[in-house]
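pasting the sequence and the predicted model now:
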Amino acid sequence: MSKLLYGDRLDTFIEEEIPKLIKEDLKSHQLFTEMDMHAVVFFHLRRALGERVDWFVRCNLEMAGVKPDICAFNRYAPKFVIEAKFVILPAQAYFPKSKLEEDRLKLRNIRKKYPQLGKGYLIAVFDADRAYDYSLKRDEEWEKHFYREIFINVQDFRNYENWKRNWCTIKSNQM
């Protein structure tokens, strides 16, 4: 089954569908670590691509001396790189701006080595004050077209307090 939505535009799928799918998985308490997040993004990308032989997805593949979390290739050329951050802590709300900046720089370095890349995504799940300014700066003009941020703040969930209490209970029972 090969059904990519939006006229075979993987970038549109990443920007519009992946956040919805991550939120669904979060709300059903399927995500507890950054590795879970890698698995979820990989799963949904592979599922969207189906059996298409012209696309493939890799995790932690070394590129430009660094390892992006996920990279999608079309006809053996890297097209999209994704860095995923997952920071939900049982006892506190926290936004990892310095960690996100590290990932933005990683995406930037990969793009300089592979100029044919379509876009670089930073997908972050966190639990933090809604009033905080989350966006990172873009140093050069090309970054405005290449770099995309997808932020999912669990505090935006309806019934956040109940969700967080259940998430903490499940997480503590898994240890």
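Happy to help now that I have it. Residues are numbered from 1 along each chain as shown.

distance of the residue lying closest to Ala77 once chain neighbours are set aside relative to Lys20?
Among residues not flanking Ala77 along the chain, Gln116 sits closest, at 5.8 Å (Cβ to Cβ, 6 or more residues apart in numbering). Where C-beta positions appear, they are placed from N, C-alpha and C, glycine not excepted. Distance, Gln116 to Lys20, by Cβ to Cβ, to the nearest Å: 28 Å.

point to the residue nearest the middle of this structure.
Central residue of the chain (Cα atoms, centre = their mean): Ile123, 2.9 Å from the mean position.

using the three-state scheme, assign it.
Of the three states, Ile123 takes strand under DSSP: H, G, I helix; E, B strand; the rest coil.

before we move on, what about Lys79?
Lys79 - assigned by three-state DSSP - is strand.

check Glu15 too.
Using three-state DSSP, the secondary structure recorded for Glu15 is helix.

just list the residues touching the nearest residue to it once chain neighbours are set aside, thanks.
The shortest distance from Glu15 to any non-neighbouring residue, by Cβ to Cβ, 6+ apart, is to Arg148 (6.5 Å). Counting by Cβ atoms under 8 Å, 6 or more residues apart in numbering, Arg148 touches Glu15, Lys119, Gly120, Tyr121, Leu122.

ok, the first one - contacts?
Residues counted as contacts of Glu15 (Cβ under 8 Å, 6+ apart) are Tyr121, Arg148, Ile150.

show me where the chain has its strands.
In the chain, the strands defined using DSSP state E lie at 55-59, 70-74, 77-87, 119-126, 147-153.

closest to Ile110 out of these?
Among the strands of the chain, the nearest to Ile110 by Cβ to Cβ is strand 77-87 (5.5 Å).

ok so, going back, give me the buried entries from the contacts of Arg148.
Among the contacts of Arg148, those that count as buried by neighbour count (16 or more other Cβ atoms under 10 Å) are Glu15, Lys119, Gly120, Tyr121, Leu122.

stretch 23-39: how far from the chain's middle?
11 Å (Cα atoms, centre = their mean, to the nearest Å).

mind listing what's buried along it?
For stretch 23-39, by 16+ other Cβ under 10 Å, it's Lys23, Asp25, Leu26, Leu31, Asp36, Met37, His38, Ala39.
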